[in-house]
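Trainee: generate coordinates for the sequence data below:
(chains A and B)
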Protein chains: 2
Amino acid sequence: MTSLLDNIKDNADLLEQMSKVMVTKTVKKGTLLQKKYDENSKVYFVKKGCLRSYTIDDKEKEHIFMFAPEGWIISDIESQVNNAPTELYIDAIEDSEIEIMPRGNADELFFAKEMVDNIGISRLMKRISVLQRRVIMLMSATALQRYNDFLEMYPNIVQRVPQKMIASYLGITPEALSKIRGQLAKPKK
Amino acid sequence: MTSLLDNIKDNADLLEQMSKVMVTKTVKKGTLLQKKYDENSKVYFVKKGCLRSYTIDDKEKEHIFMFAPEGWIISDIESQVNNAPTELYIDAIEDSEIEIMPRGNADELFFAKEMVDNIGISRLMKRISVLQRRVIMLMSATALQRYNDFLEMYPNIVQRVPQKMIASYLGITPEALSKIRGQLAKPKK
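Mentor: All right, here's what the predicted structure looks like:
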């Protein structure tokens, strides 16, 4: 299992500082790690298992923002950047092993220039690219196109995540998703 | 008018390299700068005026991804990151003065570590934060909430941009937008 620290193993100073504040934790499926309006949003690195982030609208409906299987970083970046309370809930949808960077430290360390340099500008650029695609898909793509895009983005989790969560991520009903999957499963004539 | 180069004026080497490849251009309202499937997507910095990026769906409907008034950078980041043809159209919605960084140079220079450091990690983080908000709003917010969010994001362009473009950005019909504006204009009792 990869650790977030693997990214900075060549930088002894930063590695030591990070090791001091970073907490490794094993959490059971269903554990709520962060809820809306939390003051101290954190950064989570997934070593094993799967987390998700989501919002709940005025009608109590859940909307999944993203999934984070092994190797992904998940956080409420907006609350980090604006130093504001969180908007997103984050919970474990499988038994997971995670590395947690507390908020105060995230400000000083995780987003320190050295750390970002080591984690890689390319990772930030990649995230912007993924979000750009997500917005475009939400605005202009059909449900089928969005599902295919989901499969491409998360090739390894489609069998692990409940259908209703995938539907929530796609912004469609579970029934609509079931229909799409039925169409795709049919052998082409 | 600010120039993109103002961000790197302390770095003489980079400034010289950038100045050599960066083109300043005055474009008329309506000028199409980039269309879907272009191989050489570019990075545009807006000195004056306003650009927008958008996609066109299978039914020929436009969906506005973002606006870029003075001081904003606009580009198809996904095509830059994946070295792929562009997805987004970019055009000028006002007479504009822009700085253009050609693709080849963008790879080598614009996304060079030094350049990103100078433009600022914080600018990349801010963009991620804005896109996170955009996705959440598209998925879970009412049209009124989305409109208020637009006003917050772009406080200075609401009077400059045609209503139908704002509606397209929000993912609602011009009629729905007109209704919202009517409600907001009414004095509260």
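Trainee: quick one: A:Pro174 and A:Met165 touch, right?
Mentor: No. The criterion here is CB atoms under 8 Å, and A:Pro174 misses it with A:Met165 at 9.4 Å. For every residue, glycine as well, the C-beta is placed using N, CA and C.
Trainee: what residues are up against A:Ala68?
Mentor: Contacts for A:Ala68 were tallied using CB atoms under 8 Å, 6 or more residues apart in numbering or on different chains; they are A:Tyr44, A:Val46, A:Cys50, A:Leu51, A:Arg52, A:Ser53, A:Ile74.
Trainee: of these, which belong to helices?
Mentor: Among the contacts of A:Ala68, no member falls in helices (criterion: DSSP state H).
Trainee: select only the buried ones of the residues you listed in PyMOL?
Mentor: Burial among the contacts of A:Ala68 is assessed by 16 or more other CB atoms under 10 Å in any protein chain shown; the matching PyMOL selection reads:
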select buried, chain A and resi 44+46+50+51+52+53+74
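Trainee: before we move on, back to that, A:Pro174 and A:Met165: which is more packed in?
Mentor: The residue with more neighbours, out of A:Pro174 and A:Met165, is A:Met165; 18 against 14, by other CB atoms under 10 Å in any protein chain shown.
Trainee: got the residues of chain A near chain B?
Mentor: Counting by CB under 8 Å from any CB of the partner chain, the positions of chain A adjacent to chain B are A:55-58, A:61, A:63, A:65, A:76-78, A:80-82, A:87-88, A:111, A:113, A:116-117, A:121-122, A:124-129, A:131-136, A:138-142, A:171.
Trainee: out of those residues, which end up buried?
Mentor: A:55, A:63, A:65, A:76-78, A:80-81, A:87-88, A:111, A:116-117, A:121, A:124-125, A:127-129, A:131-136, A:138-141, A:171.
Trainee: now A:Leu47: how far from A:Arg123?
Mentor: One correction, residue A:47 is Lys, not Leu. To A:Arg123, A:Lys47 is 17 Å away according to CB to CB, to the nearest Å.
Trainee: these two - which one has more neighbours?
Mentor: Between A:Lys47 and A:Arg123, counting by other CB under 10 Å, A:Lys47 is the more crowded of the two (18 against 12).
Trainee: would you agree the more buried one is in contact with A:Ile98?
Mentor: Yes. Shown here, A:Lys47 and A:Ile98 form a contact pair, counting by CB under 8 Å, at 6.3 Å.
Trainee: residues shared between the contacts of these two?
Mentor: Shared contacts of A:Lys47 and A:Ile98, counting by CB under 8 Å, 6+ apart, come down to A:Thr24.
Trainee: show me how far stretch A:12-31 is from its chain's centre.
Mentor: Relative to the mean C-alpha coordinate of its chain, stretch A:12-31 is positioned 17 Å out (CA atoms, centre = their mean, to the nearest Å).
Trainee: can you point out the buried residues in that stretch?
Mentor: By neighbour count on 16+ other CB under 10 Å, the buried set for stretch A:12-31 is A:Leu14, A:Leu15, A:Gln17, A:Met18, A:Met22, A:Val27, A:Thr31.
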